[in-house]
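Participant: Sharing a sequence plus its predicted fold:
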Amino acid sequence: MVRRPTIIDVARLANVSKSTVARVVNGEHDRVREETRQRVVEAIEQLGYERNVIAGSLRNDKTYMVALCIPDITNPFWPEVVRGAQDTIEDEGYAVVTVNSDWRSDREANYLRMVRRNRFDGLIINPTSITNDVLASLDIPVVILGSGSSFPAFDSVGSDTEAGAQYALEHLYDLGHRRIGLIAGISARGKLHHSRRQSFITFHARKHIQLDEALIIESEFSDQAGYDAMQQFLSLDQPPTAIFAANDLLAIGALKAAQALGCRVPDQLSIVGMDDIYAAATTSPALTTVTKPKIENGVQAAKYLLERMANQGSKTPRHTKIPCHLTIRESTAVPPG
């Protein structure tokens, strides 16, 4: 078995001390002359030396590992968020471990135990059931993906979904729709995502439209749930002329159901989604949707975490909402008649 080169081997080849090699490896370039640093770098490349992170963590109490916990790896919304966070963090020399809670509190709790047991340096999480106090007990930097309203002790980064919902509803209103249905999201663990419902209620009050509770259906975030909700809407004596779905998976399921029932979109029914996943542009008709800044969410969350891990940044938690915008495609039109 070939022996892996060590820091001592690098020091010998570069004709420097072990501590000098350590400074170069740890990025302390201001403490090493450029000529010496170059010799060390060349020795590292020649030997193929790689730093022993585990041994280093025993000295500086850092593992250079960050956990990223998302609730639904099957939802196409999340890969772009993960990519934004991972690219940003890995550029600073950290490894990212991505885990999927699947909206289950037991899985989420297990992952947090893993974070504590393996001494991760930081955590980015879209929480399912965890509390602010439990996250604080980890005693490491944490950034929340989504609304930070329930997590006042931590930085949070999310899309401005409240404003995004208003853009969608205003678009349908401007087209002439007054009977609009809402497919509101509810996670698999039974927690209602109140922001879409509240935006819906606020919109009706602002436009002085009487709210019909029959036009609000709460469902899980899946295309099958959207399909089932649309069947329910179209069975009403007075079905809606437009649908706003809490995410694109729901909207795509609703579109499939409408087509299966012979309801033409957008001639007889308009549909708007939220997230702007890739599939939204490939449906027939292409889906009008609220575009969320997915990569930007991940990048900003990673930047906040890197600052916290370096003991930099604001002393008070930051709660950032990144603006959304409406992408109008082919699934919306004026109501029939």
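Facilitator: The structure has been received and is ready for your questions. Numbers count the residues shown, from 1 in each chain.
Participant: Could you give the number of residues near G93?
Facilitator: Residues within reach of G93, counting by other C-beta atoms under 10 Å, total 11. From N, CA and C alone the C-beta is placed, and that goes for glycine too.
Participant: got a list of what it touches?
Facilitator: By C-beta atoms under 8 Å, 6 or more residues apart in numbering, the contact list for G93 reads G27, Y64.
Participant: swap the cut-off to 7 Å and go again
Facilitator: Y64 (C-beta atoms under 7 Å, 6 or more residues apart in numbering).
Participant: my read is it is in a strand, agree?
Facilitator: No - in this structure, G93 is coil, not part of a strand, as judged by DSSP: H, G, I helix; E, B strand; the rest coil.
Participant: Tell me where this structure has helices.
Facilitator: With DSSP state H as the criterion, the chain has helices at 7-14, 18-25, 34-47, 53-60, 77-90, 105-117, 132-137, 161-175, 194-206, 223-234, 248-260, 294-309.
Participant: Which of those comes out lowest on mean pLDDT?
Facilitator: Lowest mean pLDDT within the helices of the chain: helix 53-60, at a mean of 48.
Participant: Could you chop this protein up by domain?
Facilitator: What automatic domain parsing lists as the domains of the chain is 7-51, 62-159+294-322, 161-292.
Participant: before we move on, back to that, mind putting the helices of the chain into JSON lines with mean neighbour count and distance to V272?
Facilitator: Formatted as JSON lines, the helices of the chain follow (neighbours: other C-beta atoms under 10 Å; distance: least, C-beta to C-beta, whole Å):
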{"stretch": "helix 7-14", "mean neighbour count": "18", "distance to V272": "58"}
{"stretch": "helix 18-25", "mean neighbour count": "18", "distance to V272": "52"}
{"stretch": "helix 34-47", "mean neighbour count": "15", "distance to V272": "54"}
{"stretch": "helix 53-60", "mean neighbour count": "11", "distance to V272": "47"}
{"stretch": "helix 77-90", "mean neighbour count": "20", "distance to V272": "16"}
{"stretch": "helix 105-117", "mean neighbour count": "16", "distance to V272": "31"}
{"stretch": "helix 132-137", "mean neighbour count": "13", "distance to V272": "33"}
{"stretch": "helix 161-175", "mean neighbour count": "19", "distance to V272": "5"}
{"stretch": "helix 194-206", "mean neighbour count": "17", "distance to V272": "12"}
{"stretch": "helix 223-234", "mean neighbour count": "21", "distance to V272": "12"}
{"stretch": "helix 248-260", "mean neighbour count": "24", "distance to V272": "7"}
{"stretch": "helix 294-309", "mean neighbour count": "22", "distance to V272": "18"}
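Participant: Which one of those helices lies nearest to V334?
Facilitator: With C-beta to C-beta as the criterion, V334 lies closest to helix 161-175 of those, at 5.1 Å.
Participant: Tell me how many other residues surround the nearest residue to A214 once chain neighbours are set aside.
Facilitator: Using C-beta to C-beta, 6 or more residues apart in numbering and skipping the chain neighbours, the partner closest in space to A214 is L236 (6.2 Å). For L236, the neighbour count with other C-beta under 10 Å is 13.
Participant: I am finished for the moment; much appreciated.
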